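Chemist: Quick one: sequence plus predicted model below, questions after.
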Amino acid sequence: MTKTRNLGGLDVPAIGFGAMVLSPGMYGAIDDDRALAALTAAIDAGGTFIDTSDAYGENGHNENLIGRAIRGRRDEVTVATKFGLALQDGVQPHRLKVGFAFEELLVNAEPGHVRGYAESSLRNLGVDVIDLYYLHFPDPQVPIEDTVGAMAELVADGKVRHLGVCNVTAQELRRAYDVHPIAAVQTEWSMWRPIDPELLDVARELGVGVVPWSPLGAGFLTGTVQTLDEDDFRNNAPRFDAASLKANNASYDALQALAADLGITRSQLALAWLLHQDPAIVPIPGSRTPAHIVENLAAADITLHPDTLERIDAVLAKLTPVGATLL
C-alpha cells in the first residue's frame, strides 16, 4: 500500500488526521494539553495531513490548537480547513436542512464573505497560506459557482494552494470544478455508510481526490463505543441512541472475526478497506489517544488480498445499521 497519495495535484499521506475530536463538545470534554499531545503524536507518526474547520470549537478553537501544534513545524504538515459555518458578525445566516444529528445548519457562503473567512483562518492557524481550503457545506441560497469563484481569487492571491468542497452532490462537484480545479471532495464514507456512487464516478472522471470524513463511523467501527458522555454531539444521532447502539454493536461484531483473522484491529480493517476502494482516497480518522493515532496510521501499510476484500464485502452486504447516519 502506497503511503503517499495524490489529491488532485496535492501529495499527502495515505491517511490523514481529523482534528475535530480535539475540541470540547464534539466527542465530550477534553483539555488543550491532551489535544496538543494528540496532535504532536499524529505529526510525529507521519499523520501530517491535518484536517480542521473554523467551526470546530468556539471562536476558532480547533484552528488555534493546530496553529500551536505546528509552530516551528509548518514545513512538515499539510493543513486543510473549511469555511461557511462559523458566521462572523453581520453575516446573514442561511438555513440548510441536513437532518439527523443537526436537523439544520446555519451557513453562508456568499462570495463577499469568503475572503474574510480565509483571513480569519490564516490568523487562527498562524500560517501564511492554507494548503487545502474547503467549502464546508454548499449554501442553498448561493450558486456554488459563485462561492468557488471567490475561493479561486484566494488561490490567485497566494493565500490558498488548493481548493476543495465538502458534502456536495455529484453535479455540485462538477459545477464547482468547471469554475476552478478541485483537489478533493470530502464526504461521509465508511463501512457504516457507503458513498454516493455517482459522486465517486464524477470524482474519478475529473481527477478529484476523495477524503472520507468519519471513516470509522464516528468512532463506532472501533468496536469500543458503548456509551457516550453527556456533552458528546453524537447523542443527537439516532444510530447512537442506547437501543440502536446496542443493536449495531451486536450486528457489527462480525467484523471482529475478520480483523482477528488478519491480525489487525477493527479500526485498521475499516481504514485499510477504504484505502483499497480507490488510489485517490485519503481518510481522515480522528482520535485523542496517541496509541490509537499510531494504530490508525499503520493501516496504510496493510495490503488486503482480493479474496479478503470479497470476504469483507460479503459481510458488509449482510449488515444494515439501525438508525439514521450521522448527517
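Modeler: Happy to help now that I have it.

Chemist: Past the helix or strand hosting Glu63, which element shows up next along the chain?
Modeler: Secondary structure assignment for Glu63, by DSSP states H and E: helix 61-70. Heading C-terminal from helix 61-70, the first helix or strand you meet, by DSSP H and E, is strand 78-83.

Chemist: now the angle between helix 61-70 and that following strand, please.
Modeler: For strand 78-83 against helix 61-70, the angle between stretch directions is 160 degrees (axes from the mean of the first three to the mean of the last three CA atoms, to 10 degrees).

Chemist: Now strand 78-83: buried residues?
Modeler: 78-83 (16 or more other CB atoms under 10 Å). Every residue, glycine included, has its C-beta placed from N, CA and C.

Chemist: could you list every residue that touches Asn248?
Modeler: Counting by CB atoms under 8 Å, 6 or more residues apart in numbering, Asn248 makes contact with 220, 239, 321-323.

Chemist: Of these, keep whichever come out buried.
Modeler: 220, 239, 321, 323.

Chemist: wouldn't the first one be in contact with Tyr252 here?
Modeler: What it means is Phe220. Yes: at 7.4 Å, Phe220 counts as touching Tyr252 under the criterion of CB atoms under 8 Å.

Chemist: thought Ile312 was touching His276?
Modeler: No: Ile312 is beyond contact range of His276, at 9.1 Å (criterion: CB under 8 Å).

Chemist: Quick one: the strands in the chain, in order.
Modeler: With strands called from DSSP state E, the chain shows them at 4-7, 10-13, 17-18, 49-51, 78-83, 94-99, 103-107, 130-135, 160-166, 184-188, 209-213.

Chemist: for the longest one, packing partners?
Modeler: Secondary structure elements in contact with strand 160-166, counted by 3 or more CB pairs under 8 Å, 6 or more residues apart in numbering; DSSP states H and E, are strand 130-135, helix 144-156, helix 170-179, strand 184-188.

Chemist: rewinding a little: give me the contacts around the helix holding Glu63.
Modeler: 19-20, 22-24, 32, 35-36, 39-40, 43, 50, 52-54, 56-57, 76-77, 79, 81, 121, 124-127.

Chemist: So which of those belong to helices?
Modeler: Secondary structure defined by DSSP state H assigns 32, 35-36, 39-40, 43, 121, 124-125 of the contacts of helix 61-70 to helices.

Chemist: Measure how buried the residue nearest to Thr4 when sequence neighbours are not counted is and give me the count.
Modeler: Spatial nearest neighbour of Thr4, chain neighbours left out: Asp11 (5.6 Å); criterion: CB to CB, 6 or more residues apart in numbering. When neighbours are counted by other CB atoms under 10 Å, Asp11 registers 10.

Chemist: ok, now Gln226?
Modeler: 9.

Chemist: Next, it: phi, psi?
Modeler: phi -110, psi -40 (degrees, to the nearest 10).

Chemist: Now do the same contact list for it.
Modeler: Gln226 touches 245, 249, counting by CB under 8 Å, 6+ apart.

Chemist: Please verify my assumption that Ala86 contacts Gly116.
Modeler: No: Ala86 sits out of contact with Gly116 when judged by CB under 8 Å, with a separation of 10.6 Å.

Chemist: which of those two has more neighbours?
Modeler: Ala86 (23 against 13).

Chemist: Run through the residues that contact that one.
Modeler: 53-55, 60, 117, 120.

Chemist: give me every residue that touches Glu230.
Modeler: Per CB under 8 Å, 6+ apart, neighbours of Glu230: Gly28.

Chemist: what do you get for Glu119?
Modeler: Counting by CB under 8 Å, 6+ apart, Glu119 has contacts Lys159.

Chemist: Same question for stretch 68-78: list its buried residues.
Modeler: 69-70, 77-78.

Chemist: buried residues in the helix or strand of the chain with the lowest mean pLDDT?
Modeler: Of all helical and strand segments in the chain, the minimum by mean pLDDT, DSSP states H and E falls on helix 242-252, at a mean of 81. Within helix 242-252, the residues that count as buried by 16+ other CB under 10 Å are 244-245, 248, 252.

Chemist: Kindly report the same for stretch 247-266.
Modeler: Result for stretch 247-266 [16+ other CB under 10 Å]: buried residues 248, 252, 255, 258-259, 262, 264-266.
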